[in-house]
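Asks: take this sequence and fold it.
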Amino acid sequence: MRRRGAALASLLLAAMIVLAAVVAYLLWPKSQAAAARPDGMAQTTLGAARMAAKDTECRSSLQQARQALQVHLASSDEPPASLDELRLPESMTRCPVGGEPYVLDPSGPTVRCVHPGHEGY
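Replies: Modelled structure (predicted):
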């Protein structure tokens, strides 16, 4: 009977150690070199994963907005005056990270994001 109790106690202790390690990994602040985002967001590992997902969402929204712009240019001789003319959903006209509206650049014409760090998207 004592062996079962000792085995259970050691199993619980091992589970607590693993849980503490996982929590520390996910919530511990990242090093300064790893957390160097231009916008200063994502100070933890879990936050970095969330920001990476939002960065991917921003790239995807920009790509879809640019494709809608190309369709508009193929069917019309003039570029749109604003993104509203493309009739995109509201979620596709703003950066998911900072909430800044996307900018229609008439010189391209192209759509770009003005959020810090997203200039190259």
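Asks: what about E57, how many residues nearby?
Replies: 15 (other C-beta atoms under 10 Å). Just so you know, the C-beta spots here come from the backbone N, C-alpha and C atoms, and that holds for glycine as well.
Asks: these two touch, right, it and C113?
Replies: No - contact criterion C-beta atoms under 8 Å: E57 and C113 do not qualify, at 11.1 Å.
Asks: contacts for stretch 15-28 next, please.
Replies: Residues outside stretch 15-28 that contact it (C-beta atoms under 8 Å, 6 or more residues apart in numbering) are 44-46.
Asks: how about stretch 73-88?
Replies: Residues from elsewhere that reach stretch 73-88 (C-beta under 8 Å, 6+ apart): 64-65, 68-69, 72, 93, 101-102, 104, 106, 109, 111.
Asks: buried ones among those?
Replies: Neighbour counting with 16 or more other C-beta atoms under 10 Å marks 65, 68-69, 72, 93, 102, 104, 111 as buried within the contacts of stretch 73-88.
Asks: what sits against Y102?
Replies: Taking C-beta under 8 Å, 6+ apart, we find Y102 in contact with 61-62, 65, 83, 93-95, 111-114.
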